[in-house]
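# Turn this into a structure:
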Amino acid sequence: MTPAAPAAPTRPAFTPGPGAPGGLAPAPGSIRLAAEHFVAAAIYLLAGALGLLWVAPELAGGAYLSPHVAGVTHLFTLGWLTMTAFGALCQLLPVALGTPVRSTRLAHAGFWAFAPGVGLFAAGVATSQVALHHLGILLVAIGILLVLSNVGGALPRARTRDVTWAAIALALGFLASTLVLGIILLHNLHTGFIAGARDRVLATHLHVAIVGWLLMMIVGVSHRLLPMFLLSHGADTSWTRRALALLASGVVVLGTGLTLQQPAAAWAGALLLLGGLGCFLRQACGFYRARVRKKLDVGMRFVATALGFLTTSALLGVAVLATGGSAPRLATAYVIAGLLGGIVLYVIGFFYKIVPLLAWTARFRGRMGKEPVPTVAQLYSARLGYVQLGLMAGGVAILAAGTAAGSAHAARCGAVLFLGGVLVFLAQLGRVARGRGAAA
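Take a look at the predicted model:
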């Protein structure tokens, strides 16, 4: 692959205003579809942050099998992250791959099944209400299957089949596997048919969801969007393909090793995952080094911070595997650092780039040349963005450290800081939605 590959998206559908990333033109007719997903995702982010405050003492006790912890975890993985990914795909496919989703109506139908389903499922798991989590998983499954059909059916028609296309295809496969494993675990709650294998299947489910579905999607999307956001030119882009190959094979091998209690396979999978993450970090660092504008905006600082948390999580993961599962607090800290510090903060960084552009397009596109309009960057406050970054990054660090040390007080303090950061973020999104230029 040539170095110029990631900088060659399809032509913008319009000429964006100052400060807009010119290669990321919103696809016609898809802004409303993306917006409804992003609004629902933001609501679930707040719900997850409130839930985090509730379960902080259980996290500090290493009670990762607690129904409360499981319910809150799904608010982040399904409600915030998966919902965001579904909305982003509606925008990304036409821009990056040259094909829209098969049906806008199908996409809306998927949203209206998935969005309430997540809340019902998370509430049902957290409260052990059978009717709730059965109805919830039914709606979640319908939503996921509609997305798999809608997006998966569009991929064969794509004009561009690069590593981003491959990443989306692989990630969708892991999403389907995540659903199957989740249904197995849910059925086990009532029948106990997998008995002592529950913990191992849960560990596999977590890695398939977080690495196979979410991180794989991030790697592929970042290959296209990071060079745009950073204005990078001339970076070596070959590392993304290596990252995808290693991460995909690593998830399969690690999951097999964990489920079948094969330590050699588990270690082999872990090494593959470490190699895949290393390649992704190498690719991201290459984009950062090759950027034209040296000053980083708040969105790209969120991404850089998230990369640091992903590195920390990888090191913790090695320690967890070395203990053979005998350190539940350390295992919980590993997931906190990777999920909240790595994946959640990374997606928030992209939110700061994508959502203001969509809002600017919807509100100001038709006013260009007729009256003064704000730039995309003026729709939010950079100062508040840095406050949010400090609160959320500090909160995750204290929460993870408090969990590893078994300190409920520290864990709750970390959860409070994280919640504070989420509230600042929601205030920023409200300002963007109103379309008012920020003073700072």
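# C-alpha from now on. contacts and neighbour counts both.
Noted.
# show me the contacts for the residue most central in space within the chain.
Taking Cα atoms, centre = their mean, the centroid of the chain lies closest to residue 81, which sits 4.2 Å from it. If you count contacts by Cα atoms under 8 Å, 6 or more residues apart in numbering, residue 81 has them with 41, 214, 344, 347.
# again with residue 130
With Cα under 8 Å, 6+ apart, residue 130 has these contacts: residue 124.
# what do you get if the cut-off is 10 Å, keeping everything else the same?
121, 124, 136, 186, 189, 190 (Cα atoms under 10 Å, 6 or more residues apart in numbering).
# Tell me how many other residues crowd the second one.
Using other Cα atoms under 10 Å as the criterion, residue 124 is surrounded by 22 other residues.
# cool, and the third one?
Neighbour count of residue 136, defined by other Cα under 10 Å: 25.
# Among the contacts of residue 81, which ones are in helices?
Taking DSSP state H, the ones among the contacts of residue 81 that sit in helices are 41, 347.
# would you turn the contacts of residue 130 into JSON lines with distance to residue 61, secondary structure and pLDDT?
Compiled in JSON lines, the contacts of residue 130 are given as follows (distance: Cα to Cα, whole Å; DSSP: H, G, I helix; E, B strand; the rest coil; pLDDT from 0 to 100):
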{"residue": "121", "distance to residue 61": "24", "secondary structure": "helix", "pLDDT": "96"}
{"residue": "124", "distance to residue 61": "22", "secondary structure": "helix", "pLDDT": "94"}
{"residue": "136", "distance to residue 61": "28", "secondary structure": "helix", "pLDDT": "96"}
{"residue": "186", "distance to residue 61": "23", "secondary structure": "helix", "pLDDT": "88"}
{"residue": "189", "distance to residue 61": "22", "secondary structure": "helix", "pLDDT": "81"}
{"residue": "190", "distance to residue 61": "25", "secondary structure": "helix", "pLDDT": "79"}
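# from the residues you listed, which is closest to residue 202?
Distance to residue 202 across the contacts of residue 130 (Cα to Cα) is lowest for residue 186, with 10.5 Å.
# Now residue 283: which helix or strand?
helix 263-289 (DSSP states H and E).
# In that helix, which residues are buried?
263, 265-284, 286-288 (16 or more other Cα atoms under 10 Å).
# now stretch 170-186
Within stretch 170-186, the residues scored as buried using 16+ other Cα under 10 Å are 170-179, 181-182, 184-186.
# Helix, strand or coil: sort out residue 293 for me.
Here residue 293 is recorded as coil under DSSP: H, G, I helix; E, B strand; the rest coil.
# Please disregard the earlier target; I meant residue 179.
Secondary structure of residue 179, reduced to three states by three-state DSSP: helix.
# which ones are touching the nearest residue to it once chain neighbours are set aside?
Counting by Cα to Cα, 6 or more residues apart in numbering, residue 179 lies nearest to residue 141, which is 7.1 Å off, once chain neighbours are set aside. When contacts are counted by Cα under 10 Å, 6+ apart, residue 141 touches 110, 113, 114, 117, 118, 135, 147, 176, 179, 180, 183.
# Kindly report the same for residue 271.
Per Cα under 10 Å, 6+ apart, neighbours of residue 271: 246, 247, 250, 253, 254, 265, 277, 318.
# I'd like to know which of these are buried.
Among the contacts of residue 271, those buried by neighbour count (16+ other Cα under 10 Å) are 246, 247, 250, 253, 254, 265, 277.
# quick one: which two of those residues are the most distant?
265 and 277 (18.2 Å).
# so what secondary structure elements neighbour whichever helix or strand residue 392 is part of?
Using DSSP H and E, residue 392 sits within helix 382-405. Under the contact criterion of 3 or more Cα pairs under 10 Å, 6 or more residues apart in numbering; DSSP states H and E, helix 382-405 touches helix 31-60, helix 298-323, helix 328-335, helix 345-364, helix 408-434.
# among these, which is the most enclosed?
helix 328-335 (a mean of 24; mean count of other Cα atoms under 10 Å).
# That helix relative to helix 31-60, how many degrees between them?
Inter-element angle recorded for helix 328-335 and helix 31-60: 160 degrees (by axes from the mean of the first three to the mean of the last three Cα atoms, to 10 degrees).
# how many degrees apart are helix 328-335 and helix 382-405 in direction?
Using the same axes, to 10 degrees: helix 328-335 against helix 382-405 is 160 degrees.
# okay, the angle between helix 328-335 and helix 298-323?
150 degrees.
# Run a quick neighbour tally on residue 190.
Counted by other Cα under 10 Å, the residues lying close to residue 190 total 9.
# Surely residue 31 is in contact with residue 89?
No - the pair residue 31 / residue 89 is not scored as a contact, 11.4 Å apart, by Cα atoms under 10 Å.
# any low-confidence regions in the protein?
The chain contains residues with pLDDT under 70 at 1-29, 366, 369, 436-440.
# How is it divided into domains?
30-161, 165-292, 298-365+374-440 (automatic domain parsing).
# Check the offset of the longest one from the chain's centre.
Using Cα atoms, centre = their mean, to the nearest Å, the distance from the centre of domain 298-365+374-440 to the centre of the chain it belongs to is 11 Å.
# again, but for the shortest one
When C-alpha coordinates are averaged (Cα atoms, centre = their mean), domain 165-292 and its chain have centres 12 Å apart.
# Would you mind measuring from residue 306 to residue 283?
With distances taken as Cα to Cα, to the nearest Å, residue 306 is found 14 Å from residue 283.
# let me redo that: residue 175
Computed as Cα to Cα, the residue 175 to residue 283 distance reads 24 Å.
# Can you name the residues that contact residue 138?
Taking Cα under 10 Å, 6+ apart, we find residue 138 in contact with 113, 114, 117, 118, 120, 121, 132, 144, 183.
# Also residue 340?
Contacts were defined as Cα under 10 Å, 6+ apart; by that measure residue 340 touches 73, 76-77, 306, 309-310, 346, 392-393, 395-397, 399-400, 418.
# which one of those is nearest residue 47?
residue 76 (8.6 Å).
# Relative to residue 252, how far out is the residue nearest to that closest one when sequence neighbours are not counted?
Spatially, and ignoring its direct neighbours in sequence, residue 76 is nearest to residue 48 (5.8 Å; Cα to Cα, 6+ apart). Going from residue 48 to residue 252 by Cα to Cα gives 28 Å.
# Surely residue 337 and residue 312 touch.
Yes - in terms of Cα under 10 Å, residue 337 counts as a neighbour of residue 312; the distance is 7.0 Å.
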